[in-house]
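Student: I would like to see how this sequence folds:
(chains A and B)
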There are 2 protein chains.
Amino acid sequence: MEVITLAHGSGGEETYKLIKNVFLRYFNNDILKEQGDSAILDMIKGKVAVTTDSFVVDPLFFKGGDIGKLSICGTVNDLCVSGATPLYISAGFILEEGLELKDLEKIVKSMADTANKIGVKIVTGDTKVVQSGKGHKVYINTTGIGYIEKNNYQLNIKEIKEGDAIIISGTIGDHGTSIINERENLDIESGLKSDCAALNELTKAIMDTSNEIRVMRDPTRGGLANTLKELVSTSGKSMEIWQKDIPIRGDVRSFCDLLGFDPLYMANEGKLICIVSNKDAHKVLNVIKSNPLGREGAIIGKVLDDGKSKLYLKTYIGGTKVLGMLQGELIPRIC
Amino acid sequence: MEVITLAHGSGGEETYKLIKNVFLRYFNNDILKEQGDSAILDMIKGKVAVTTDSFVVDPLFFKGGDIGKLSICGTVNDLCVSGATPLYISAGFILEEGLELKDLEKIVKSMADTANKIGVKIVTGDTKVVQSGKGHKVYINTTGIGYIEKNNYQLNIKEIKEGDAIIISGTIGDHGTSIINERENLDIESGLKSDCAALNELTKAIMDTSNEIRVMRDPTRGGLANTLKELVSTSGKSMEIWQKDIPIRGDVRSFCDLLGFDPLYMANEGKLICIVSNKDAHKVLNVIKSNPLGREGAIIGKVLDDGKSKLYLKTYIGGTKVLGMLQGELIPRIC
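Tutor: Model prediction:
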């Protein structure tokens, strides 16, 4: 069994071999091959979008994905919901001494496959190795660079207006529940599966359909409720969402009921929230539903202007509950 | 004593407070303040350079710098030696549960001060928290974006020619020896101090002086010898360096002698190697020496074309030694 040693992080012979045999082998493109201190990219014709995320998910491999796929999709999605077309990704690895080389290779292959499918290039990278007990197998940082086409209007939270519709592109809580189930070996609901996916085609279709999209977000850590709460805080508007319309898988719901989790706050990794004018809401929903990742999309609420900047949940029984931000730690290392 | 808890990584209330009270407080700029899923940058007028680095240095604070300063200088330097002007930085933090908040604040302040001095903006970030024993206080990834002015010729390793001069901008081994001395509490040489510094002014001055710069590198992990060995491998040329001309501080030399380290392979964090035509070598050296970071700069060798692609050391006593790549692990977590 070949494992990662501290020598793989020395910058010397072993680092060189690791780069050649693993990273360059899978992340194969002309820019990366140059191996300068920086990757040199052609001029980007438009505004530039940039986002960064570190991935520390435990376990590394889970139903529906792995840390490699997640590290590409998560960063690509942050670019896409900003209205940008993803172009380039950097990858920084913090490996723990003792990590099995075949696990690293599986992860790197998964990153490469995901990036290829999306059409983004991994252009620069870095590898550090920390002693056993000073990390956990592998942590990955990806930073993504995209561009905003000149003729794209800019999504802007300040454009959110009373009456705007709130759309979610599918069922919520799939990623969070799947990770807990596997990490804790609960095996309560064997159907649970992460929704880990890249949203680039979906966001493009949405942007092509309407020029009254106010804002898009991917509700990852903190889930649907926390993401909407942030929008409410920043926009100054209030929002109400309708419990009966929020799509949740049966097994996600029973898992949450059993363990006392609220699916509204559970992480998603392949869903988006779209705030759009009431006029264009159904047109956008139809486009979302026609995409394989958006089959269960739904209009789940609307924007209010009551001057209170609150997030309301209309419950099944017709009551109204005010939702707060996630407090404390629901579950660590979900992404 | 306030410490980082898992809740600071939840994406909820506590994360929000940490961002507001620490990150936004110090990394204060208009782009970051927007807090979208991506930072939106104005169009970059030229080729784009991008580089990424994770920093896992132990200890966090050392003579001459800290992990915060290092995380900015290291990434800025990778941009600069590629001939790029640094513009933007992303910052991804992996915090270990139990980290003292005041230490994080010191580090963040140090990053902000360093970035301000250089004139780069920290435009987007991310925070993850891992359980105690699954990390080590704080790991930082920075990704840097710069641009290459249209009228700048492109540095190119393939332009390295027989007779070119090899210049180092100052003494070698200062960073590596300082880190070991402090981490291991050796206290052998109390004058040891990291050379951690941003090279942006130095590289700009060099590029303004000559258009026969073939390539620049910052010899970090693996040191001077390993960096030259990489250039030798990639260029296909050979190089010889002259032991008597390589600047090394007396205390660095005695420290290495005592512990059996070779300063040629010790990390630097504020030095650059410049390969330049023989014609322009002295002009470039003078410019380097007139910069506070380059006072002890020296021409230390030249490029050969013996078809062997080797790195030779001409020793004090007139012998010739072939230098290899760093093998095994000299010292972990030096940067």
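Student: From here on, just use CA atoms for contacts and neighbour counts.
Tutor: Noted.
Student: ok, residue A:301 - contacts?
Tutor: A:165-167, A:239-242 (Cα atoms under 8 Å, 6 or more residues apart in numbering or on different chains).
Student: make it 7 Å
Tutor: By Cα atoms under 7 Å, 6 or more residues apart in numbering or on different chains, residue A:301 lies in contact with A:165-166, A:240-242.
Student: Skip the chain neighbours and tell me the closest residue to residue A:334.
Tutor: Spatial nearest neighbour of residue A:334, excluding adjacent residues (Cα to Cα, 6 or more residues apart in numbering or on different chains): residue A:57 at 5.1 Å.
Student: show me where the stretch 151-300 of chain A has helices.
Tutor: A:174-183, A:200-209, A:223-235, A:250-259, A:281-289 (DSSP state H, counting those that start in this stretch).
Student: Determine the set of other helices and strands touching the last one.
Tutor: With contacts taken as 3 or more Cα pairs under 7 Å, 6 or more residues apart in numbering or on different chains; DSSP states H and E, helix A:281-289 sits against helix A:200-209.
Student: go again using 8 Å as the cut-off
Tutor: When contacts are defined as 3 or more Cα pairs under 8 Å, 6 or more residues apart in numbering or on different chains; DSSP states H and E, helix A:281-289 packs onto strand A:165-168, helix A:200-209, strand A:298-304.
Student: Need the winner for burial among these.
Tutor: strand A:165-168 (a mean of 26; mean count of other Cα atoms under 10 Å in any protein chain shown).
Student: and it, which strands flank it?
Tutor: strand A:273-276 (antiparallel), strand A:298-304 (antiparallel) (DSSP bridges).
Student: Need the ones you listed in TSV (columns: mean pLDDT).
Tutor: What follows is those, written out as TSV (pLDDT from 0 to 100):
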stretch	mean pLDDT
strand A:273-276	98
strand A:298-304	98
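Student: Low-confidence ranges, the stretch 151-300 of chain A, go.
Tutor: Along the stretch 151-300 of chain A, the model assigns pLDDT under 70 to residues A:151-153.
Student: Now with 90, please.
Tutor: The stretch 151-300 of chain A contains residues with pLDDT under 90 at A:151-156, A:184-191.
Student: quick one on the thing from earlier: which of the three states applies to the residue nearest to residue A:334?
Tutor: Classification of residue A:57 using DSSP: H, G, I helix; E, B strand; the rest coil returns coil.
Student: which residues of chain A fall in strands?
Tutor: A:39-41, A:47-55, A:61-62, A:65-66, A:85-96, A:121-130, A:138-148, A:165-168, A:213-217, A:238-242, A:273-276, A:298-304, A:311-314, A:320-323 (DSSP state E).
Student: Please list the residues of the stretch 101-250 of chain A that sit near chain B.
Tutor: For the stretch 101-250 of chain A, the residues in contact with chain B (Cα under 8 Å from any Cα of the partner chain) are A:124-131, A:133-136, A:141, A:143, A:217, A:221-222, A:226.
Student: tally of neighbours for the nearest residue to residue A:73 once chain neighbours are set aside?
Tutor: Excluding the flanking residues, the one nearest residue A:73 by Cα to Cα, 6+ apart is residue A:198, at 4.7 Å. Neighbourhood size, residue A:198 [other Cα atoms under 10 Å in any protein chain shown]: 26.
Student: check contacts around residue A:198.
Tutor: Residues near residue A:198 by Cα under 8 Å, 6+ apart: A:73-74, A:76-77, A:118, A:270.
Student: re earlier: spit out the contact partners of the residue nearest to residue A:334.
Tutor: Contacts for residue A:57 (Cα under 8 Å, 6+ apart) come out as A:67, A:139, A:333-335.
Student: tell me the centre residue of chain A?
Tutor: Centroid check for chain A by Cα atoms, centre = their mean gives residue A:74 as the closest residue, at 3.3 Å.
Student: pretty sure that one is touching residue A:269, no?
Tutor: Yes: shown here, residue A:74 and residue A:269 form a contact pair, counting by Cα atoms under 8 Å, at 6.8 Å.
Student: Break chain A into its domains for me.
Tutor: A:6-148, A:157-323 (automatic domain parsing).
Student: how about a markdown table for those domains, with distance to residue B:274 added?
Tutor: Formatted as a markdown table, the domains of chain A follow (distance: least, Cα to Cα, whole Å):
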| stretch | distance to residue B:274 |
| --- | --- |
| domain A:6-148 | 13 |
| domain A:157-323 | 42 |
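Student: which of the ones you listed is buried the deepest?
Tutor: Neighbour counts (mean count of other Cα under 10 Å) averaged over each of those peak at domain A:6-148, with a mean of 22.
Student: For that domain, the averaged confidence score.
Tutor: Here domain A:6-148 scores 96 as its mean pLDDT.
Student: what do residue A:74 and residue A:269 both touch?
Tutor: Both residue A:74 and residue A:269 lack any common contact, where contact means Cα under 8 Å, 6+ apart.
Student: So in chain A, which helix runs the longest?
Tutor: Secondary structure assigned by DSSP state H gives helix A:101-118 as the longest helix of chain A.
Student: what helices or strands is it leaning on?
Tutor: So helix A:101-118, by 3+ Cα pairs under 8 Å, 6+ apart, packs with helix A:24-26, helix A:67-80, strand A:121-130.
Student: same thing but 6 Å
Tutor: helix A:67-80 (3 or more Cα pairs under 6 Å, 6 or more residues apart in numbering or on different chains; DSSP states H and E).
Student: now for the helix it packs on, which elements pack on it?
Tutor: For helix A:67-80, the packing partners by 3+ Cα pairs under 6 Å, 6+ apart come out as helix A:101-118.
Student: please redo it, this time with the cut-off set to 8 Å
Tutor: Partner elements for helix A:67-80 (3+ Cα pairs under 8 Å, 6+ apart): strand A:47-55, strand A:85-96, helix A:101-118, strand A:138-148, helix A:200-209.
Student: and the angle for that helix with strand A:213-217?
Tutor: Here helix A:67-80 points in a direction 160 degrees away from that of strand A:213-217 (axes from the mean of the first three to the mean of the last three Cα atoms, to 10 degrees).
Student: What lies in contact with stretch A:1-8?
Tutor: A:14-15, A:18, A:95-102, A:128-131, B:327-330, B:332.
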